[in-house]
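Chemist: what would the 3D arrangement of this be:
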Amino acid sequence: MDFWLCVTLIAVLTYLVFTAHKKRHYFAKYGIPQPPEIPFIGAAGASILTGYHVNYAMKDVYNTNRDAKYVGIHAFIYPIIVLRDLDLIKSVIVKNFDHFSDHKTLVSEKSDPLFGKNLANLKGERWREVRNLLSPAFSSSKMRTMHELMSLCAENFANRFLESNSSKEAVDMKDAFTRYTNDVIASCAFGIEVDSLKESKNEFYLHGKTSTDFTKPSVLVCFLLNMVCPSLANKLGLRIVSQEETDYFVKLIKETIKTREERGIKRPDMLQLLLDSQEKTKKLDFLDLTAQAFIFFAAGFDTVSTHACCMAHELAVNPDVQRKLRVEIDEVMRNCKGRPTYEAVNNMRYLDAIFHETMRIHPIAFITRICTKEFELPPTLPGAEPYVLKPGMEVQVPTVGIHHDPDYYDDPEKFDPERFMDKKASSDILNLGFGLGPRMCIGNRFAILETKVLFVHLLAKCDLVPCEKTCNPMVYADRSFIPAAKGGFWLKAVPRH
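Modeler: Modelled structure (predicted):
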């Protein structure tokens, strides 16, 4: 038995070594540049296993060959094309969207219905149906209504924030801003009123924090196995959202719907829009509805609060920028008698520039698409051959590399909102923070408005300044998929009046 076990192990290892060696030279035969990679693991797998922040890893990949239209990397033994050329990116992601219409599947609908059925995970015609149902939730008229709910949350948050931090001690901005985004989503998506600074352990916040923790070992295993062997991950029923958290959100929405039906309540929030769509089209079952409400929550809970932290950090370490923004805020407050309108907030050009400059400096690492129809890429370098992408292959757009490229931005490491005061820097192809093309983030207008409203009310009442615990210059934390600061986002809040 020991003999045959040894033979089996040797055979498996031989196969893996042979496959890894073969894949290692896969791109070379097409003349496609490739960064140094760890055998068996590849560049993508190494980032997860070693803890090297994905933004740093993707910048390294982007700079592998600055003359190439694209480069090649591996996620373990699977090849991935990383696009560098802006015209080619636009061709793949926008013009030829029908060839690249899907995202990478992280979990199956059967094993993890909340994550598997959400818009970001859906494919093909089902994605189009659900996208069309959700799009009206983010129209200008809906945003105007949502602004009123956001403003109530932001004003309450600013008051509570100053009350609880009056001693001028260092403040954990991530904890504070996560509580704000929690309250906004509770109100705008679920129709629930919570005050997470006052009630620090409210049930909605605690479940949100647990369900959106994507650094848990179980979630990392799910991501890794989906990269190495997706079919096995599906068979094992791996999930991102636990059964306990799934049960909580299912119960929450069932009870909310029941209350609204019994009392004839119609509220201007996302849940109501989903209910109305369900009634008219019958294209959403209950789990579909719950999954869309959940992903709206998951995206807003962590990513928006992290972006707000990065924005607060940049304002604190760039006091001249903060002073200029404060002038704009004070003018809006005077003109609106302390109640900034939807139009007034949208017309704040400098605030808008700060938002986008923060997203330029601290973006998500990359955009990913899956090839759904065979597609020929032009030669990556003069003298190289065209490369044919087969269905199922993955392409990535290195957002962080483009955003930090001196060919597109002068002094790219400098935080300079002035660059977004002109139209060139604001072009879609250079400003990739929310993605690009038909599958870009559907909630981008909501996220922008939510963040702007927060800073209008907060900076009307206090200044944000660095403290001893501030991570400056910013260094990203290990084993994080988002731009989280090493040691946390710590600042001081100094009351203005």
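Chemist: backbone torsions only: list them for the residue nearest in space to the middle of the chain.
Modeler: Nearest residue to the geometric centre of the chain (C-alpha atoms, centre = their mean): residue 303, 5.2 Å. Dihedral pair for residue 303: phi -70, psi -40, per degrees, to the nearest 10.
Chemist: now the nearest residue to it once chain neighbours are set aside: which helix or strand?
Modeler: With C-beta to C-beta, 6 or more residues apart in numbering as the criterion, residue 303 has its nearest non-adjacent residue at 6.5 Å, and that residue is residue 482. No exception for glycine: its C-beta is placed from N, CA and C like everyone else's. Assigned by DSSP states H and E, residue 482 belongs to no helix or strand.
Chemist: re earlier: state the distance from the residue nearest to the centre of the chain to residue 275.
Modeler: Here residue 303 is placed at a distance of 26 Å from residue 275 (C-beta to C-beta, to the nearest Å).
Chemist: gap between the two ends of stretch 294-313?
Modeler: End-to-end distance for stretch 294-313: 28 Å, by C-alpha to C-alpha, to the nearest Å.
Chemist: to the chain's geometric centre, what's the distance from it?
Modeler: Its chain's C-alpha centre lies 8 Å from the corresponding centre of stretch 294-313 when counted by C-alpha atoms, centre = their mean, to the nearest Å.
Chemist: before we move on, back to that, roughly how far apart are the residue nearest to the centre of the chain and residue 394?
Modeler: 22 Å.
Chemist: same check on residue 385?
Modeler: 20 Å.
Chemist: buried residues, the helix or strand where residue 273 lies. List them.
Modeler: Here residue 273 sits within helix 270-281, counting by DSSP H and E. Going by neighbour count (16 or more other C-beta atoms under 10 Å), the buried part of helix 270-281 is 270, 271, 272, 273, 274, 275, 277, 278.
Chemist: show me the shaky parts of the protein.
Modeler: Along the chain, the parts satisfying pLDDT under 70 run over 1-24, 40-49, 166-167, 227-230, 423-428.
Chemist: returning to what we had before: gap between the residue nearest to residue 303 and residue 491?
Modeler: From residue 482 to residue 491 the distance is 18 Å (C-beta to C-beta).
Chemist: which residues does the nearest residue to residue 495 once chain neighbours are set aside contact?
Modeler: Nearest residue to residue 495, sequence neighbours excluded (C-beta to C-beta, 6+ apart): residue 462, at 5.3 Å. Counting by C-beta atoms under 8 Å, 6 or more residues apart in numbering, residue 462 touches 158, 161, 162, 493, 494, 495, 496.
Chemist: contacting residues for the fifth one?
Modeler: Put plainly, it is residue 494. 168, 462, 463, 464, 465.
Chemist: any idea which helix or strand comes after the helix or strand where the fourth one lies?
Modeler: Secondary structure assignment for residue 464, by DSSP H and E: strand 462-465. Downstream of strand 462-465, the first helix or strand assigned by DSSP H and E is strand 490-495.
Chemist: strands paired with that following strand, and their directions?
Modeler: Strand pairing for strand 490-495, using DSSP bridges, gives strand 171-172 (antiparallel), strand 462-465 (antiparallel).
Chemist: can you check which of those gets nearest to residue 129?
Modeler: For the strands paired with strand 490-495, distance to residue 129 was read as C-beta to C-beta. The smallest value, 41.3 Å, belongs to strand 171-172.
Chemist: which residues touch that closest one?
Modeler: Taking C-beta under 8 Å, 6+ apart as the rule, strand 171-172 contacts 165, 488, 489, 490, 491, 492, 493.
Chemist: what do you get if the cut-off is 7 Å, keeping everything else the same?
Modeler: Strand 171-172 is contacted from outside by 165, 488, 490, 491, 492, 493, using C-beta atoms under 7 Å, 6 or more residues apart in numbering.
Chemist: neighbour-wise, which of those leads?
Modeler: residue 493 (27 neighbours; other C-beta atoms under 10 Å).
Chemist: roughly how far apart are it and residue 393?
Modeler: With C-beta to C-beta as the criterion, residue 493 and residue 393 are 48 Å apart.
Chemist: packing partners for the helix or strand harbouring residue 449?
Modeler: Take DSSP H and E as the rule and residue 449 turns out to sit in helix 444-459. Applying 3 or more C-beta pairs under 7 Å, 6 or more residues apart in numbering; DSSP states H and E, we find helix 444-459 packed against helix 140-164, helix 173-188, helix 305-317, helix 319-335, helix 342-346, helix 349-361.
Chemist: and it, what's buried?
Modeler: Quick answer for helix 444-459 (16+ other C-beta under 10 Å): 445-459.
Chemist: what do you get for stretch 363-382?
Modeler: 363-372, 375, 377, 379-380.
Chemist: would you turn those into a markdown table with secondary structure and distance to residue 260?
Modeler: Listed next are the buried residues of stretch 363-382 as a markdown table, based on DSSP: H, G, I helix; E, B strand; the rest coil; distance: C-beta to C-beta, whole Å:
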| residue | secondary structure | distance to residue 260 |
| --- | --- | --- |
| 363 | coil | 38 |
| 364 | coil | 35 |
| 365 | coil | 40 |
| 366 | coil | 40 |
| 367 | strand | 37 |
| 368 | strand | 37 |
| 369 | strand | 38 |
| 370 | strand | 38 |
| 371 | coil | 43 |
| 372 | coil | 39 |
| 375 | strand | 46 |
| 377 | strand | 51 |
| 379 | coil | 58 |
| 380 | coil | 55 |
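Chemist: one step back: who wins on neighbours among the contacts of residue 494?
Modeler: residue 464 (22 neighbours).
Chemist: next up, the contacts around residue 317.
Modeler: 466, 472.
Chemist: what separation is there between it and residue 482?
Modeler: 19 Å.
Chemist: what do you get for residue 286?
Modeler: From residue 286 to residue 482 the distance is 30 Å (C-beta to C-beta).
Chemist: who has more neighbours out of the two?
Modeler: residue 482 (22 against 12).
Chemist: residue 309 versus the more buried one, what's the distance?
Modeler: 10 Å.
Chemist: next one: residue 32
Modeler: Taking C-beta to C-beta, one finds residue 32 at 37 Å from residue 309.
Chemist: neighbour count: those two, which is higher?
Modeler: Neighbour count, other C-beta under 10 Å: between residue 32 and residue 309, residue 309 has more, with 27 against 24.
Chemist: got a list of what the more buried one touches?
Modeler: 173, 174, 177, 489.
Chemist: thinking again about what came up before, relative to residue 54, which of the helices and strands packed on helix 444-459 is closest?
Modeler: Among the helices and strands packed on helix 444-459, helix 305-317 sits nearest to residue 54 (C-beta to C-beta), with 13.5 Å.
Chemist: now do that closest one against helix 444-459, angle only.
Modeler: Using axes from the mean of the first three to the mean of the last three C-alpha atoms, to 10 degrees, the direction of helix 305-317 lies 40 degrees away from that of helix 444-459.
Chemist: got the angle between helix 305-317 and helix 319-335?
Modeler: 110 degrees.
Chemist: out of residue 385 and residue 394, which sits in the more crowded spot?
Modeler: Taking neighbours as other C-beta under 10 Å, residue 385 and residue 394 compare with residue 394 leading, 22 against 13.
Chemist: what sits closest to that one if chain neighbours are left out?
Modeler: residue 80 (4.7 Å).
Chemist: same thing with residue 193?
Modeler: That would be residue 187: by C-beta to C-beta, 6+ apart, it lies 6.2 Å from residue 193.
Chemist: how many neighbours does that neighbour have?
Modeler: 20.
Chemist: also the one 4 residues further on?
Modeler: Residue 191: 19 surrounding residues under other C-beta under 10 Å.
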